[in-house]
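**Student:** Please work out how this folds:
(2 chains)
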Amino acid sequence: MKTPQEQTLHTRREFIRTSFLGGALASTVPLFLEKTFLTLDSMAAATTGQYATGKDSTILVVLQMAGGNDGLNMLVPYGDDAYYKARPRIAIPSNSVLKINDYAGLHPKLTGLRDLYGSGTLGLIQGVGYPNPNRSHFRSTEIWQTASDSGHNESVGWIGRYFDSCCKGSDPSVGVSIGGQTPQAFASPHPKGIAFSDPSQFRYMSEAASNPKMAEQFMREMNSPTENMGHGGLSDNSGGSIGMISGSPDTAGDTLDFLQRTALGAEMSSDKILEIIRKSKSSVDYPRSQLGNSLNLVGRLIQGGLPTRVYYASQGGFDTHANQLPSHDRLMTDLNAALTSFVADLKAQGNYDRVLVLTFSEFGRRVAENASGGTDHGAAAPLFVLGGAVKPGLYGNYPSLTDLYEGDLKFHTDFRSVYATALEKWLGAPSEQVLGRKYPILPFI
Amino acid sequence: MLLPLPEKLWNRYSAAHLLNRAGFGGTPAEIDDLYSRGMDGAVECLLNAPNDEDLFPRPPMMEPAKRVEYQKQIKNAPTEEERVRIKKSFFRDERAEIIALRLWWLNRIRYTTAPLLEKLTLFWHGHFATSNQKVNDPYLMWLQNETMRQHALGKFPVMLKAMSQDPAMIRWLDLNQSSKKHPNENFAREVMELFSLGEGHYSEMDVTEAARAFTGYRVVPETATFHLATNAHDSGMKTFLGKTGDFTGDQILDLIVLQPQCARFIGKRLWQFFVSESPNEKTISEVADILLNNGYDIGKTLRVIFRSSLFYSRAVVHHQIKGPVQWMIQTTRMLEIPLPDAKVLENSMAALGQVLFAPPNVKGWDGGRAWISASSLLYRYNLAAYLLSGKAHILGGGGAKTAQLPLEAIAPPSTRVSCNLLLEPLAFRIFNIPISTRDFSSYMSYISKQTPPYSDNAVRDLMQIMMGTPEFQLN
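**Tutor:** Okay, here's the model as predicted:
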């Protein structure tokens, strides 16, 4: 019975052999590749720890609703007159609300989510926010991404800190973000995680060369780790000749080592991802939207056994300052369809119990509608947690619509409690260490 | 000790290293030119490069006259809706303006004959990290950029004061709302924490007191100039860093730079940017002393650094990860091609993680290993391939063709007849250091599969292999 460490080593060896040899290479294995295997094995032994990976352990999917989602029209307080008084034009009529209890219900287009609530895997966390709310997209998004206090500037992401403290030595694909850029949540002085919109772009484009096969082969060779490589320095007066500067790697040679490991990790992740995408197909239909495509991709990668522990996807367009009803309606429809398909996909795979989806938005919107049939930036708002292991229900209290903070809903669940819960109860990580402070754990898992 | 490098150790590689660190690299011809001046000559050449601003007329942005008109209309607008409409019509092209500004600066860095000045401006931009995402005014960002350039090589206290009165900075750190009744502490805190002393070298009381001195700092909207609103300014007695007086903002800054810690802080930042990530205590002390003994003259301090043996040592050379701007400029300079198409350039800098005029937050860019992730490293490899080949689809989606690589200049016919003759000059151009035996034999094994005289494709493919390596990311 192999230990997890031996198992991972074994898996890595097999994977490397399959991808390198099965790839576009000549039939005989050049000497440098044999050496590569040996070095990789020793590298793997040095860095492999006993950590859980997304291949068989829990997975967190963070879904950003970018722009400031109108929580009041998503989880509607239809039982409160103040809601209709504040929003004569844009309030959701009480007879179309998908009722949850006597006071609140879901937006009419969230039918699939209402079913998930009924069947027991959706949690609705109310009144989520933070002290001294900031109404700037830029600043408030940063606060949510870094889990910092609103008066403090932090550049490291909360998920970046999780990777740093709990995922040392893991695959670069420990975090995957669907979309062009790495979210600030992943930011770290030792960056982990990969980002792409299209998996076929996350690879070395050897076709730029006139001989792509050879370019690919040499790229892999030049990016394999070296042992005892001397490093050029100018105190050796070596003139202009090409020659090895002898000596053992100095401590600053760590930089080259870091680059080599990153390159190798990138290759391996790329090969793995491309293989998964090539082979895997969804048994479920996703909506043809950016969100639908993103969650479809996440579904494929989970099914394919990528060791990713945190996925990140984003749905944009929530900054509804004017003529809110039709655009918010479209967003809710899209969200509903994409999440419902994602859940069905995960259930079909038998992976629903391993996945927790968490939505967030940088702020909610103001209680009162504005003069343009829309709403302006607000503060507290509800968010969803979704997954096979979620304890369903409404968490927290619906914020008062009359006892406001500068016209905005007051929060009573600090968003960092939500993070702390996901970290402790789901990812098995020490939340106080990651978030820098102790936050109450919520009972939604 | 920061003892100077002995002249006999000054060689072609030293010159390349100097050009890479004090600037953005160059062609072998440029490196040789620098080398031929001797170390002292080379350092002076970089420090005293004449101003070449005439070569770089700034992009069209909302001109001062138009700003006056804009303010007039806003003042006279009867409703909020009308104000919104006016704002839209004047700032309609704001997004295009900031992109044009970025392109202007990148172009300037690419073609400047005063690379040290641009490198320092980039350093200060990261140091006083201000983002257009909040400032929302490309003209103010440009003004700040020029102010930084003006004082880049000069005395730090002058720069610090200029930044405290800079319109973009005033907006960025909320000085424009800070008044005697409601002082805003943002600038006071960041000026100490991030710009001059570092955390732990001042008290919360110091922040509160300093904030009082910076009240009343305003920007005249029409002219985008600094103005002290005396009725909003707190001219009372303050106690700051142990001294008491009716300090003005400038006087607070004077007290800050009197602290030896300020010299250590700035000295360390300079060392980390130009030399290496972890200077030891002795080195920081020495650089701090030079700053303190020279009125914080940045040029004089850099002269000592660029002439020092330590700067040219094994532990320093080829150990710095090129940042995105450095990578792009150095690569295009060395390949003797222009910057890529504007859209490719804009997308690439974002993908690589360094968007000028939009640092992630007031802490600027972390630099070093933070530039490198699996995604960004793969992107660098693909970007190199794109620049070499001109194949538009490499970076995803339709992109413009890039300029043709001047292969005649890079690998003239005389170099195409044998492996050694080809490899040596290419390796020097691309890596600027002698390459290892291991790498040498890998490149040889590639060329040996080709038949001399080596074709353009063969040369280009070899360069692609060389630039798709961990080594190419280092300076």
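**Student:** Tell me the confidence at B:Pro78?
**Tutor:** For B:Pro78, the pLDDT comes out at 86.
**Student:** Would you state the strands of chain A in chain order?
**Tutor:** With DSSP state E as the criterion, chain A has strands at A:59-65, A:75-76, A:98-99, A:105-106, A:122-129, A:175-178, A:194-196, A:310-315, A:355-360, A:381-386, A:393-395, A:413-414.
**Student:** hey, least reliable of those strands by pLDDT?
**Tutor:** When I compare these, strand A:194-196 is least confident, with a mean of 87.
**Student:** Which parts of the stretch 101-250 of chain B are helices?
**Tutor:** Shown for the stretch 101-250 of chain B, the helices assigned by DSSP state H, counting those that start in this stretch span residues B:115-127, B:132-135, B:138-151, B:156-164, B:167-172, B:186-190, B:204-213, B:249-258.
**Student:** Format these as CSV; extra columns: mean pLDDT and distance to chain A.
**Tutor:** All C-beta atoms are positioned from the backbone trio N, CA, C, and that covers glycine. Formatted as CSV, the helices of the stretch 101-250 of chain B follow (pLDDT from 0 to 100; distance: least, Cβ to the nearest Cβ, whole Å):
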stretch, mean pLDDT, distance to chain A
helix B:115-127, 98, 12
helix B:132-135, 89, 5
helix B:138-151, 96, 15
helix B:156-164, 98, 17
helix B:167-172, 95, 11
helix B:186-190, 92, 8
helix B:204-213, 95, 12
helix B:249-258, 98, 20
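**Student:** Residue in chain B with the shortest distance to chain A?
**Tutor:** Residue of chain B nearest chain A, by Cβ to the nearest Cβ: B:Arg314 (2.7 Å).
**Student:** about what we covered before: ranking the strands of chain A by burial, who's on top?
**Tutor:** Neighbour counts (mean count of other Cβ atoms under 10 Å in any protein chain shown) averaged over each of these peak at strand A:175-178, with a mean of 27.
**Student:** Direction included, what does it pair against?
**Tutor:** strand A:194-196 (parallel), strand A:310-315 (parallel) (DSSP bridges).
**Student:** nearest to A:Pro133, of those strands?
**Tutor:** Nearest to A:Pro133 among the strands paired with strand A:175-178 is strand A:310-315; the distance by Cβ to Cβ comes to 21.1 Å.
**Student:** Quick one: low-confidence residue ranges for the stretch 301-450 of chain B.
**Tutor:** The model of the stretch 301-450 of chain B has pLDDT under 70 over residues B:392-402.
**Student:** all helices of it, in order?
**Tutor:** Using DSSP H, counting those that start in this stretch, helices in the stretch 301-450 of chain B cover B:324-335, B:342-352, B:374-389, B:407-410, B:419-431, B:437-447.
**Student:** what does the stretch 251-400 of chain A put close to chain B?
**Tutor:** Within the stretch 251-400 of chain A, the positions adjacent to chain B are A:251-253, A:255-256, A:258-260, A:262-263, A:265-266, A:269-270, A:371 by Cβ under 8 Å from any Cβ of the partner chain.
**Student:** List only buried entries from the residues you listed.
**Tutor:** A:252-253, A:255-256, A:258-260, A:262-263, A:265-266, A:269-270 (16 or more other Cβ atoms under 10 Å in any protein chain shown).
**Student:** Any idea which residue is closest to the centre of chain B?
**Tutor:** B:Leu122 (1.9 Å; Cα atoms, centre = their mean).
**Student:** quick one: contacts of the helix or strand harbouring B:Lys282?
**Tutor:** Taking DSSP states H and E as the definition, B:Lys282 sits inside helix B:281-293. With contact meaning Cβ atoms under 8 Å, 6 or more residues apart in numbering or on different chains, helix B:281-293 is reached by B:1-2, B:156, B:260, B:263-264, B:266-268, B:270-271, B:279, B:297, B:300-301, B:304-305, B:310.
**Student:** switch to 7 Å and redo it
**Tutor:** B:Met1, B:Leu2, B:Pro260, B:Ala263, B:Arg264, B:Ile266, B:Gly267, B:Lys268, B:Leu270, B:Trp271, B:Thr301, B:Val304 (Cβ atoms under 7 Å, 6 or more residues apart in numbering or on different chains).
**Student:** can you pull the contacts of the closest residue to A:Leu306 other than its chain neighbours?
**Tutor:** What sits nearest to A:Leu306 in space, not counting adjacent residues and going by Cβ to Cβ, 6 or more residues apart in numbering or on different chains, is A:Ser173, at 5.7 Å. Going by Cβ under 7 Å, 6+ apart, A:Ser173 touches A:Ile194, A:Ser269, A:Leu306, A:Pro307, A:Thr308.
**Student:** change it to 8 Å
**Tutor:** A:Ser173 makes contact with A:Gly193, A:Ile194, A:Ser269, A:Lys272, A:Ile273, A:Leu306, A:Pro307, A:Thr308, B:Ala374, according to Cβ under 8 Å, 6+ apart.
**Student:** Look at the closest residue to the third one other than its chain neighbours and report its pLDDT.
**Tutor:** Counting by Cβ to Cβ, 6+ apart, A:Ser269 lies nearest to A:Ser173, which is 4.3 Å off, once chain neighbours are set aside. The per-residue pLDDT reported for A:Ser173 equals 89.
**Student:** any idea how far A:Val284 is from B:Ala409?
**Tutor:** 57 Å (Cβ to Cβ, to the nearest Å).
**Student:** out of these two, which sits in the busier spot?
**Tutor:** A:Val284 (16 against 12; other Cβ atoms under 10 Å in any protein chain shown).
**Student:** Distance of the more buried one relative to A:Ala338?
**Tutor:** 11 Å.
**Student:** same check, this time on B:Thr415
**Tutor:** Taking Cβ to Cβ, one finds B:Thr415 at 57 Å from A:Ala338.
**Student:** And those two? Which one has more around it.
**Tutor:** Comparing B:Thr415 with A:Ala338 by other Cβ under 10 Å, the one with more neighbours is A:Ala338, at 24 against 18.
**Student:** No further questions, thank you.
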